[in-house]
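Novice: 3D model of this:
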Amino acid sequence: MEIELLQPLNESGRYDTVLLTDYAWPDVELERAIVQEAGFKLVAGPSSPLPAQAIEELCREHRPSAILTCWAEVSGAAIDASPELRVVARLGVGLDNIAVAHATSRGVLVTNVPDYCIEEVSDHALAMVLAWTRGVAVFDREVKRGRWDPASARLRRLAALTCGVIGYGRTGQRTVAKLQAFGPRLLVSDPAPREVAGVSFTDLDTLLAQSDVVIVHAPLTEQTRHLIDSQRVARMKPGALLVNVSRGGIVDTNAVAAGLASGLLGGACLDVLESEPEVPEALRAQPGALITPHVAFSSDVSLLELRRRACEEVVRVLRGQAPHFPCNRPVLRDETTSNKDRHE
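Specialist: Alright, predicted model coming up:
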């Protein structure tokens with residue numbers, strides 16, 4: 001029989017509960033072990049993310065002190081339904097599925113694990129580029145269909161190409177470093193240009209017009225949603241490859257499908273889609289599309305690191321310690337209470 005080691009009741013007369021909304025791995029034994037060893041209770045939702053309203057219902061039912069979320073939406077209503085909530089911890093990097101501003105206004109910390117999958121995502125981007133330059137995926141399909149035609153090859157030397165990287169954060173930097181080993185010309189577009197040996201920083205339109213390969217490494221914000229739309233696809237170098245391993249909403253899927261259909265784009269390698277897990281028929285019909293199911297972050301090492309570090313952040317906050325990777329600066333409830341006491 002499983003024994004839960006729970007700490008004493010909190011100020012509300014309840015045990016601190018950690019709600020795990022969803023997860024992208026076979027079980028939650030690691031999460032349960034870390035949370036329960038720290039003296040808290042873990043409640044896990046299903047592996048596939050529930051709709052926002054269902055998450056809100058879970059919050060009303062369990063009144064969690066902490067929420068761990070992978071892809072499920074943690075809305076303002078879910079935060080309001082959790083009066084004892086102290087932290088929402090993202091099992092990942094991006095925060096577009098969390099109502100961060102609302103959490104901040106309610107004194108709730110938001111955390112993430114910003115660097116757990118830098119190697120995996122940059123490897124995935126490079127793998128997609130090499131699959132395109134060497135025709136790996138296309139020829140695999142053709143040979144399995146019984147067509148053996150080496151004369152049809154239209155392959156490319158990566159060293160002779162120009163590669164453009166949109167976003168020069170942690171992962172963008174690693175992708176650039178790995179590309180440098182292959183010797184292409186490298187362009188980068190980033191809000192904070194800098195001096196980097198072997199790299200030319202430029203504006204987005206110039207990058208699109210000159211790059212044979214365009215790799216997206218940007219966060220999804222209101223400013224970057226559909227950053228790559230039909231107008232920007234039209235500005236790309238004819239026959240270029242578009243790679244997106246960041247967030248689906250950054251790229252207009254319909255614009256990419258149209259670009260492939262017209263021949264304007266030479267290929268599109270997408271690990272993320274704005275409609276995922278649904279793949280539009282217009283995109284599936286394009287032989288130049290190489291699609292993976294949002295797995296660029298995943299490896300045996302990265303998943304264990306992600307799960308452990310996200311849970312440890314929750315434990316730190318529930319113990320009254322500062323998180324290692326805070327993503328907002330709320331006025332915490334303890335601070336609010338202390339300030340009130342000082343003025344009374």
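Novice: Any figure for the gap between the residue nearest to Trp71 when sequence neighbours are not counted and Ala181?
Specialist: Nearest residue to Trp71, sequence neighbours excluded (C-beta to C-beta, 6 or more residues apart in numbering): Pro49, at 4.5 Å. Placement of C-beta: from N, CA and C, glycine included. Between Pro49 and Ala181 the computed distance is 37 Å (C-beta to C-beta, to the nearest Å).
Novice: same deal with Asp27?
Specialist: Counting by C-beta to C-beta, the gap from Asp27 to Ala181 is 38 Å.
Novice: Have a look at Pro49 and Ala181 and say which one is more surrounded.
Specialist: Taking other C-beta atoms under 10 Å, Pro49 and Ala181 do not tie; Pro49 has more neighbours (19 against 10).
Novice: buried stuff in the top helix by length along the chain?
Specialist: Longest among the helix segments of the chain by residue count, using DSSP state H, is helix 300-318. Across helix 300-318, burial judged by 16 or more other C-beta atoms under 10 Å covers 302-303, 306-318.
Novice: And the residues you listed, which two are furthest apart?
Specialist: Spatial extent of these (C-beta to C-beta) is set by the pair Ser302 and Leu318 at 24.7 Å.
Novice: what about the strands in the stretch 151-300 of the chain?
Specialist: Assigned strands in the stretch 151-300 of the chain, in chain order: 162-166, 185-189, 200-201, 213-216, 240-244, 265-270, 289-291 (criterion: DSSP state E, counting those that start in this stretch).
Novice: Wait, Asn328 touches Ser105, no?
Specialist: No: at 9.8 Å, Asn328 does not count as touching Ser105 under the criterion of C-beta atoms under 8 Å.
Novice: hang on, isn't Gly164 packed against Leu187?
Specialist: Yes: under the criterion of C-beta under 8 Å, Gly164 makes contact with Leu187 at 4.3 Å.
Novice: shared neighbours, these two?
Specialist: Leu207, Gln210, Ser211 (C-beta atoms under 8 Å, 6 or more residues apart in numbering).
Novice: Next one, pLDDT for the second one please.
Specialist: It refers to Gln210. Confidence at Gln210, expressed as pLDDT, is 98.
Novice: same deal with the first one?
Specialist: Taken from the predicted model, the pLDDT recorded for Leu207 is 98.
Novice: Count residues in the vicinity of it, would you?
Specialist: If you count neighbours by other C-beta under 10 Å, Leu207 ends up with 23.
Novice: I'd like to check which residues are in contact with it.
Specialist: Gly164, Ile166, Leu187, Val188, Ser189, Val214.
Novice: What distance do you get for it to Thr104?
Specialist: Distance, Leu207 to Thr104, by C-beta to C-beta: 34 Å.
Novice: out of everything not next to it in sequence, what's closest to Gly266?
Specialist: Nearest in space to Gly266, with sequence neighbours left out and distances taken as C-beta to C-beta, 6+ apart, is Gly239 at 3.9 Å.
Novice: Ile67 contacts Glu84, doesn't it?
Specialist: No: in this structure, Ile67 is not within contact of Glu84 by C-beta under 8 Å, at 11.1 Å.
Novice: Between the two, which has more neighbouring residues?
Specialist: More neighbours surround Ile67 than the other of Ile67 and Glu84, with 30 against 15 (other C-beta under 10 Å).
Novice: and the residue nearest to Gly266, what does it touch?
Specialist: Listed by C-beta under 8 Å, 6+ apart, the contact set of Gly239 reads Asp212, Gly263, Leu264, Leu265, Gly266.
Novice: Just the pLDDT at the second one, thanks.
Specialist: In this model, Gly263 is scored at 95, pLDDT.
Novice: likewise the last one?
Specialist: The per-residue pLDDT reported for Gly266 equals 97.
Novice: Tell me how many other residues crowd it.
Specialist: Gly266, neighbours per other C-beta under 10 Å, totals 20.
Novice: so how far is His62 from it?
Specialist: Gly266 sits 50 Å away from His62, going by C-beta to C-beta.
Novice: just the first one next, same as before
Specialist: Taking C-beta to C-beta as the criterion, Asp212 is separated from His62 by 51 Å.
Novice: Show me which of those two is the more surrounded one.
Specialist: Ranked by neighbour count (other C-beta under 10 Å), Asp212 and His62 place Asp212 first, with 23 against 18.
Novice: At which residues are the helices of the stretch 1-150 of the chain located?
Specialist: Here the stretch 1-150 of the chain has its helices, by DSSP state H, counting those that start in this stretch, at 29-37, 52-62, 76-80, 100-105, 118-133, 136-144.
Novice: so where is the stretch 201-344 of the chain shaky, pLDDT-wise?
Specialist: 332-344 (pLDDT under 70).
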